[in-house]
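Engineer: below: sequence and its predicted model.
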Amino acid sequence: MHELGLVSGVLDVVTRTAREAGASRVVSVLLRIGDMAEVNPESFDFAWDVLREDDPLTAEATVEVEYVHPRSVCSACGETFEHDRFHLRCPVCGSRETHLVAGREMDIVSMEIEDET
Ligand SMILES: [Zn+2]
């Protein structure tokens, strides 16, 4: 289950960022994940629930994930198109000469923290 590794990586960044900001706890995190990263949402949520407890800073943090459709540009005709994980062929000219411009991201969009007061 590669979601464990992904969540672990995200939590590393989240806790480091929160500590640098002087947070006492992380309330919520918004992520954007491309479909090409092949993340299973249920596994991801499960991994989050397990791993967030490793650090008191994130023990109660909730996560929200925006899953992004992959997008490619056709090298033959220049068309930009959205697709799923398996259909990479250009819908306009049928070319397979396409390259991915979005869909592999794994970004922390925003996070809500509480300061030590
Ligand atoms: Zn094309």
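Structural biologist: Perfect, I can see it now. The shown structure was predicted, so the numbers you read here are calculated from the model rather than taken from an experiment.
Engineer: for residue 87, report the pLDDT, please.
Structural biologist: If you check residue 87, the pLDDT there is 87.
Engineer: my error: substitute residue 51 in the last question.
Structural biologist: With respect to pLDDT, residue 51 has a value of 98.
Engineer: hmm, residue 7 and it touching each other?
Structural biologist: Yes - counting by C-beta atoms under 8 Å, residue 51 touches residue 7, with 5.1 Å between them. The C-beta positions use only the backbone N, C-alpha and C, and glycine is treated the same way.
Engineer: these two: who's more crowded?
Structural biologist: residue 7 (25 against 17; other C-beta atoms under 10 Å).
Engineer: is that one in a helix, a strand, or coil?
Structural biologist: Three-state assignment for residue 7 (DSSP: H, G, I helix; E, B strand; the rest coil): helix.
Engineer: so which elements touch the top strand by length along the chain?
Structural biologist: Longest strand in the chain by number of residues (criterion: DSSP state E): strand 23-34. On a contact count with 3 or more C-beta pairs under 8 Å, 6 or more residues apart in numbering; DSSP states H and E, strand 23-34 meets helix 3-20, strand 62-68, strand 106-115.
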